[in-house]
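Enquirer: I would like to see how this sequence folds:
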Amino acid sequence: MKGYKLVISSRKLKDLQLVKNRCPNKDYISILPLDLAALDKMSEMVNEALSFYGRIDILINNAGISQRSLIMETDLEVYKKLMDVNYMGTIALTKAILPHFVSQKNGHFVTVTSLMGKFGSPYRSGYCGAKHALHGFFDVLRMEHEKDNLKVTLVCPGFVNTNVAINALTADGTPQVDNDTATRNGLSPQVFAKKMVKAIENEKFEVYIGRKEVMGIYLKRFFPILLHKVVLRNKVR
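Expert: Residues are numbered from 1 along each chain as shown. Predicted coordinates:
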């Protein structure tokens, strides 16, 4: 054990309690229910988090909603929700904690985006747009606050076997409900988490975690037309 003290957050209090109860050092874990869509509550949430231990050293932005729908069929409100949660909620929380990091001249923003923040794939237009936006914002944050000794790590997962596809929004905003083969066969959350922790400890600027889908990063950079053909041929849904 590394002795970290955690504040864990999500909208679901019962799930947070289950997570805490499964951990060996419960005294090192505090629960703070939080909804990223409540943009005006972020300063209040940061103050409450600070009340637990007196300081915060690392913020891990890991909340988000995925999408599975074609552009032609997707309601504009679905795009708004994707941006409000995946982008604006993350930015609001980041800005709320930024003055604390600046004042203590130390802090590490870790933002889980996606390989979809680096290249696109059909049925994920709004999700890709929000994840691309996070890269733009946090690259600038890193530049503006290097003088304050602040760090930024962008973590880009490929397929991880979670409920992300099950909860993905469809064209009318309802959840997809069904899983997909690529997600089901992705990395286990445990394997992914270990790789992410290593990247955080090494203060990586950006890290790509997955299997063969990671090659999309390099195809996009050097062979974008080939990537276009590969993605269409694979018909990932």
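Enquirer: just the CA atoms of the strand ranked longest in the chain, as CSV, please.
Expert: In the chain, assigned by DSSP state E, the strand with the most residues is strand 150-157. Provided in CSV are the C-alpha atoms of strand 150-157 (Å, rounded to 0.1, in the frame of the first residue of the first chain):
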residue,chain,number,x,y,z
LEU,A,150,1.3,21.8,-12.1
LYS,A,151,1.3,18.5,-14.0
VAL,A,152,-1.2,17.2,-16.6
THR,A,153,-1.5,13.6,-17.6
LEU,A,154,-3.9,12.7,-20.4
VAL,A,155,-4.9,9.0,-20.3
CYS,A,156,-6.3,7.5,-23.5
PRO,A,157,-7.9,4.1,-23.1
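Enquirer: next helix or strand past that strand?
Expert: helix 181-184 (DSSP states H and E).
Enquirer: quick one: buried residues of that following helix?
Expert: 182-183 (16 or more other C-beta atoms under 10 Å). All C-beta atoms are positioned from the backbone trio N, CA, C, and that covers glycine.
Enquirer: distance between that helix and the chain's centre?
Expert: Once both centres are worked out by C-alpha atoms, centre = their mean, to the nearest Å, helix 181-184 turns out to sit 19 Å from its chain's centre.
Enquirer: elements contacting that helix?
Expert: Helix 181-184 sits against no helix or strand, with contacts defined as 3 or more C-beta pairs under 8 Å, 6 or more residues apart in numbering; DSSP states H and E.
Enquirer: and the contacts of the longest strand of the chain?
Expert: 101-102, 106-115, 117-118, 134-135, 138-139, 141-142, 187, 192, 196, 199-200, 203-210, 217 (C-beta atoms under 8 Å, 6 or more residues apart in numbering).
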